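Student: coordinates only, sequence not included:
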């Protein structure tokens, strides 16, 4: 049961940690941008560009925080000796997700911003469940928390793809 719960968390960590970064290689190799795509990029407001930059900066910070959680799990898969470190890492991830609330989306980005905020709220709900019930790994709330973290991560990935 404990191993399954940690698998859920590991999946969530891999999704956020490995999947959120936008590859720059495809931008260099992409010579098939049609005129409408170029015009759309040129028309993007400074506020929209700034928002994307801020989201990517916070995404990198989120990846780093989630990576710390993953590192702790890899070192102690049962969390028998590292529960407090894991709780600290959970709190750090939660703090990073709260930073997204302060962002101001540009024109046409409000829907994506709301999706990002909803996904991070789901992650925070899962983090809270895991944090509170971590001492009793057999509690179904811990499992539910890992599931929520995973669902929030999936939703976040979709939101980031919509943004770009």
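Tutor: Good, I have the coordinates. A quick note: this is a predicted structure, and the numbers were derived from the prediction, not measured.
Student: So which residues make contact with stretch 118-125?
Tutor: Residues outside stretch 118-125 that contact it (C-beta atoms under 8 Å, 6 or more residues apart in numbering) are 12, 93-94, 97-98, 100, 145, 148-149, 151-156, 158-159. Bear in mind the C-beta positions are built from the backbone N, C-alpha and C, glycine included.
Student: all helices of the protein, in order?
Tutor: Ranges of helices within the chain are 2-19, 25-29, 35-43, 46-75, 83-99, 110-133, 140-163, based on DSSP state H.
Student: Can you turn the buried part of the contacts of stretch 118-125 into a ChimeraX selection?
Tutor: Buried residues among those (16 or more other C-beta atoms under 10 Å), as a ChimeraX selection:
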select :12,93,94,97,100,145,148,149,151,152,153,154,155,156,159
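Student: about what we covered before: okay, the helices of the chain in TSV with mean pLDDT next?
Tutor: Compiled in TSV, the helices of the chain are given as follows (pLDDT from 0 to 100):
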stretch	mean pLDDT
helix 2-19	50
helix 25-29	42
helix 35-43	52
helix 46-75	95
helix 83-99	97
helix 110-133	97
helix 140-163	94
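Student: Could you measure from residue 67 over to residue 81?
Tutor: Distance, residue 67 to residue 81, by C-beta to C-beta, to the nearest Å: 20 Å.
Student: of these two, who's got more company?
Tutor: residue 67 (15 against 9; other C-beta atoms under 10 Å).
Student: and the gap between the more buried one and residue 50?
Tutor: With C-beta to C-beta as the criterion, residue 67 and residue 50 are 26 Å apart.
Student: residues touching the closest residue to residue 131 other than its chain neighbours, list them.
Tutor: Once flanking residues are discounted, residue 131 sits nearest to residue 90: 5.0 Å by C-beta to C-beta, 6 or more residues apart in numbering. If you count contacts by C-beta under 8 Å, 6+ apart, residue 90 has them with 69, 127, 130, 131.
Student: Pick the one among these closest to residue 110.
Tutor: For the contacts of residue 90, the residue nearest residue 110 by C-beta to C-beta is residue 127; the value is 25.4 Å.
Student: And the closest one, how far from residue 58?
Tutor: Counting by C-beta to C-beta, the gap from residue 127 to residue 58 is 16 Å.
Student: One more: residue 43?
Tutor: For residue 43, the distance to residue 58 - C-beta to C-beta - is 25 Å.
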